[in-house]
Structure formats: structure tokens, C-alpha cells
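Engineer: predicted model and sequence below, questions to follow.
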Amino acid sequence: MVKKICGIGAGYVGGPTMAVIALKCPSIEVAVVDISHSRISAWNSDKLPIYEPGLEEVIQQCRGKNLLFSTDIEKHVYEADIIFVNVNTPTKTSGLGAGKAADLTYWESAARMIADVSRSNKIVVEKSTVPVRTAEVIEKILVHNSNGMVKYQILSNPEFLSEGTSIQDLLNPDRVLIGGNDKNLGGQEAIQKLKAIYANWVPEDRIITTNLWSAELSKLADNAFLAQRISSINAMSALCEATGADVSQVSCVLSKNTKLGSKYLNASVGFGGSCFQKDILNLVYICESNGLVEVANYWKEVIKVNDYQKSRFVKKVVTSMFNTVSGKKIAVLGFSFKKDTSDTRKTPAIDVCKGLLADNACLSIYDPRVSEDQIRTDLSTNEIRWDCSTQVKPASFTNVKQVSVFGDVYEATKDAHGICVLTEWDEFKTIDYQKIFDSMEKPAFVFDGRNVLDVDKLKKIGFIVYSIGKPIDQWVDC
Ligand SMILES: NC(=O)c1ccc[n+]([C@@H]2O[C@H](COP(=O)([O-])OP(=O)(O)OC[C@H]3O[C@@H](n4cnc5c(N)ncnc54)[C@H](O)[C@@H]3O)[C@@H](O)[C@H]2O)c1
Ligand SMILES: O=c1ccn([C@@H]2O[C@H](COP(=O)(O)OP(=O)(O)O[C@H]3O[C@H](CO)[C@@H](O)[C@H](O)[C@H]3O)[C@@H](O)[C@H]2O)c(=O)[nH]1
């Protein structure tokens, strides 16, 4: 019987995932551990380290009962029957595969620590997204670093939650995937033990079991397919603008095709988030390593179109505003990579803001959940380019004078020449655009990068409006 679970890594996945397991399995003690003292103390405080609707309520119900957050990693790993490894697996920034391959440093150090401290048999669960065949590497590390007395079973149990809806996704998942080695008894037993935990709240027909490699690859494939749909509709949005078609109407038609389904068809300024680009690059690297150049090139295009979409948006802003935004105040509404999260990892807002700053715009940024510190850090960090791993983006033009961050949308838009909506926060639909228009320089431009605003209403007020993939306003430069 499983008495104790330890989750290593208390981030966007580890925190919510382990908390929901604790909620649904009150007889199991769940310890979430992390090397970051600040993260753990935030999980133990009233101000959680991440914003997710519904998360606070789950934490309040379980913390101090069967859920605890700790930096005493070794103790909790030693005591656990099942260890979920939820550590970060970012893209490598140096060395072999830099810019594409997954950096497994954090995973490897977690595996070595598990081998060091374990004295009883353990089930080790890969919750992080990893390259296909990682379980093989993990097994080598565990087996060769332990005393031979401890038996390990490795399972792949990738996480499919989306930020902003993670609690709902975890409480009501469309599927749970468990990959394991069903060729031996120990492997079969481990699969059944993990399955029994999820069966406390997930209908059994939604729990899929596969071999290890299918589970690992399915996670990468899943994200690649979702991102590919967004790049497909974004590519169509450019064609819509060139031809007078309306991308929302095209999406609507596609969504009624039962062969296609309705999701991931919203044209946007580009997809962001910590997963899509990283996981596609990981897939590209694996394809290249296996000599599958054509397959690698196919997936690369998904990222190229995403980069194109962001730079196309910047270009549209600059050309519409008489070919220069130098010295002009542009209000940026929304900085997180999607609504209902404070996460800014790989948010399209970073590239769009950097593009506008490169043309010497003055930015006034408002996001209901992202802190000023985070915005400034993001805009002053140089990133390795995925398509040119030896070079980094040129030094950021960000300078304190060119960027202001506001806690109020009306302050942010006052005296602005233009507004860029970069995140689809619900509140942007209901703000008083007449009041905003009255306080702006004229002509007043709105560039809707998420197609969330009522264009007709804005035009009636007097704004010149650009929306992704919509027929072009006569005042917007084509
Ligand atoms: N963010 C998502 O929406 C999402 C969804 C599904 C899957 N994933 C995958 O889950 C994994 C984690 O993602 P995340 O967004 O939660 O990352 P994150 O950076 O928010 O959290 C990872 C945590 O692991 C900790 N950590 C790293 N090495 C450690 C070690 N050796 N011991 C203890 N703690 C350690 C870090 O301090 C950090 O707090 C990644 O592989 C990611 O691709 C993420
Ligand atoms: O029609 C759409 C849908 C999404 N997006 C954008 O795509 C990005 C990713 O959105 P979403 O997938 O909702 O959020 P993530 O939290 O990144 O979740 C993805 O990445 C996770 C990490 O691997 C997976 O677990 C999830 O299944 C997968 O959806 C965001 O910038 C969205 O604004 C669009 O532009 N158009």
C-alpha cells in the first residue's frame, strides 16, 4: 500500500499536481520538496508562488493535513514509496545540442540524490517532459549509484495540464498517461499502483497505459500537434489580411468540421509559454539525432511561423504609425503568455516589446498579474536563438526610461499614441474605451493581438483598429 508520496520540484507542475493528489487521496501523505527555499516558503505562506484559479482553495484544504512543502529533500525521498520528479527540463543553452536539446541537469541531479538516500524499493515517476528514452538513462543512474539492495521501477506519467486552468485540468483530466515496463512483474505492479492512485478520481477508461517510450514521445507529440494548429491558423491569418478574408470566420468554418474539432484555432500574436517551443525543439533535436532531417525540418517550420507572426505584428504597428514609433508612447495591455496566469515564460509580449523598443518606442505596460520586476527582468534578458545556437540576440535596447509599468489600465494608456493587446485577459473586454480614447494622442491606434476586442465599437469611438487576420482598416498601412 502506498503511504507516502514525494514530489521533487514545487513549480507550476509539481505544486498543483501534488496538491490535487493530496486532495483526492487523503490517506496518503504528500511531501513536495524543492531546492529553492524562497519557493517553498511561498508555498507555506498566504501568497503562493504561482497564480492559478482554484489553487489557493486546494492548498488551504490539504496543507498541514496530508500535504506539506519542505526543503528537506533527502528525508522525504527516503520515506516515500513513490517519487514524482517534476523538475524543470529547459532547452540547453550551451554545449552539444545548445538551443534545441533538453537540459537534463536537474533531472540527473535528482536521480543521483534518489540513489544516494534510498534504502527501500521506490517507484520513480517521470512527471517532467523529457526526451524519448530518458527512462533508460535514469535507470542507469539509479542502478549504478545505489548499493544494489534497492529496486527501482521507472514510470513515465507526463502531465497535460494547461496553465490558467491547471486545477480544473487536474481534477477532470481528459486522460492520464502511464508508461511502464509491462514485460516484468515489478513493472506491471508499479503501473497498477500508480493507476490505483489516479483511479481515486479519474474514470478508469481515461487512464491509458503504454510502453515507456510511447508515453515519453506522446507528450512531445501532443504539444507539437497543438502548437502546429496555432501556427497553421496564424499562417492563415496572414493570408486573410492579404485577401480580405476574416480569420475568425475561417476558424469557425474549420471548427465545425468534426474531423478537425474546435480547439486551438484562435489566431494570435503567437503562442508562448514554457512548453511549446521547448518541446518542439526537443523533438527536432531527437529527429536530427536519428538522421530524420525532413521530419526535423517539418517541425521547425511551426516555430518559424510563430516567430514570423510576432515580427509581423511589430511591423504592422510600426508601419501603421507612419513608419516610426520612435518617441511615441505605446501602451501594452497584457504581458503574461495567456490569461489567468502570472507566468511570462516565452510570452510573445517579450519579443513584441523588444521589437518596439528596437524602434525606440516608449512602452507603458499593464498586466493584472505580472509584477514590474518580472517585466523588467524579461525585457533585459538576452536569449539564445533556437535557429542560431552560437549567437545570442543583440543586447536589449531596454532602458529604464523607455519602459514604464503601471498598475492601472487608464494610467497606462493616458497620452498613448497606440495600444497593443498582447494577452486575452477578460477585463480588457470591459474597460471604458471611450475614456481611454479621450485621454490618448490622435490618431489613436489599437492593435489587437488576441482578437478579443469589439472592433465595431472601437471604430465607432474613433480608434484606428488592427486585428490579427481581419480585413484591414483603411487607415492601417497594408
Ligand atoms: N508548466 C506547465 O504548464 C507544464 C505542463 C506540463 C508539463 N510540464 C513539464 O513539467 C516540468 C516542470 O515544469 P514547471 O513549469 O513546473 O517548472 P518550474 O521551473 O516551475 O519548476 C521546477 C522546480 O524544480 C525545482 N528543482 C530543480 N532541480 C531540483 C532538484 N534537483 N531537487 C529539487 N527541486 C529541484 C526548481 O527549483 C523549480 O522550483 C518540465 O519538464 C515541463 O516541461 C510543464
Ligand atoms: O487557439 C489558441 C490556443 C492557444 N494559443 C496560445 O498558445 C499558448 C499555449 O497555450 P495553452 O496550450 O493553453 O497553455 P500551456 O499552459 O502552454 O499548455 C500547453 O503546454 C503544457 C505544457 O507541456 C501542456 O501540458 C498542455 O497540454 C498544453 O496545452 C498561449 O500563448 C496561448 O495564448 C493561441 O494562440 N491560440
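Structural biologist: Yep, it's here. Residues are numbered from 1 along each chain as shown. Ligands and ions are numbered 1, 2, ... in the order given.
Engineer: from the chain's centre, how far out does stretch 431-447 sit?
Structural biologist: Relative to its parent chain, stretch 431-447 has a centroid offset of 31 Å by C-alpha atoms, centre = their mean, to the nearest Å.
Engineer: what mean pLDDT does that stretch have?
Structural biologist: The average pLDDT within stretch 431-447 is 98.
Engineer: using PDB, list the CA coordinates for that stretch.
Structural biologist: Below are the C-alpha coordinates for stretch 431-447, written out as PDB (Å, rounded to 0.1, in the frame of the first residue of the first chain):
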ATOM      1  CA  ILE A 431     -12.800  48.600 -19.900                       C
ATOM      2  CA  ASP A 432     -14.100  52.100 -20.800                       C
ATOM      3  CA  TYR A 433     -12.600  52.600 -24.300                       C
ATOM      4  CA  GLN A 434     -14.300  56.000 -24.700                       C
ATOM      5  CA  LYS A 435     -12.500  57.200 -21.600                       C
ATOM      6  CA  ILE A 436      -9.200  55.800 -22.900                       C
ATOM      7  CA  PHE A 437      -9.700  57.300 -26.400                       C
ATOM      8  CA  ASP A 438     -10.400  60.700 -24.900                       C
ATOM      9  CA  SER A 439      -7.100  60.600 -23.000                       C
ATOM     10  CA  MET A 440      -4.900  59.400 -26.000                       C
ATOM     11  CA  GLU A 441      -3.000  61.200 -28.700                       C
ATOM     12  CA  LYS A 442      -4.800  61.300 -32.100                       C
ATOM     13  CA  PRO A 443      -5.000  59.400 -34.300                       C
ATOM     14  CA  ALA A 444      -5.400  56.700 -31.600                       C
ATOM     15  CA  PHE A 445      -4.500  53.200 -32.700                       C
ATOM     16  CA  VAL A 446      -5.500  49.800 -31.300                       C
ATOM     17  CA  PHE A 447      -3.600  46.600 -32.300                       C
END
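Engineer: list the buried ones in that stretch?
Structural biologist: For stretch 431-447, the neighbour count (16 or more other C-beta atoms under 10 Å) marks 433, 436, 437, 440, 444, 445, 446, 447 as buried. Where C-beta positions appear, they are placed from N, C-alpha and C, glycine not excepted.
Engineer: what residues does that stretch touch?
Structural biologist: With C-beta atoms under 8 Å, 6 or more residues apart in numbering as the test, stretch 431-447 has contacts from 313, 316-317, 320-321, 328-329, 409-410, 413-421, 453, 457-458, 461-466, 475-476.
Engineer: which strands and helices sit next to the one helix or strand residue 374 maps to?
Structural biologist: Using DSSP states H and E, residue 374 sits within helix 372-380. Applying 3 or more C-beta pairs under 8 Å, 6 or more residues apart in numbering; DSSP states H and E, one finds that helix 372-380 contacts helix 348-358, strand 403-406.
Engineer: show residues contacting the first one.
Structural biologist: Read it as helix 348-358. 268-272, 307, 309-311, 313-314, 317-318, 325, 330, 332, 334-337, 344, 363, 365, 378-379, 393, 396-398, 402-403, 420, 422-423, 449.
Engineer: just to revisit the earlier point, relative to helix 348-358, how tilted is the helix holding residue 374?
Structural biologist: Taking axes from the mean of the first three to the mean of the last three C-alpha atoms, to 10 degrees, one finds helix 372-380 and helix 348-358 inclined to each other by 60 degrees.
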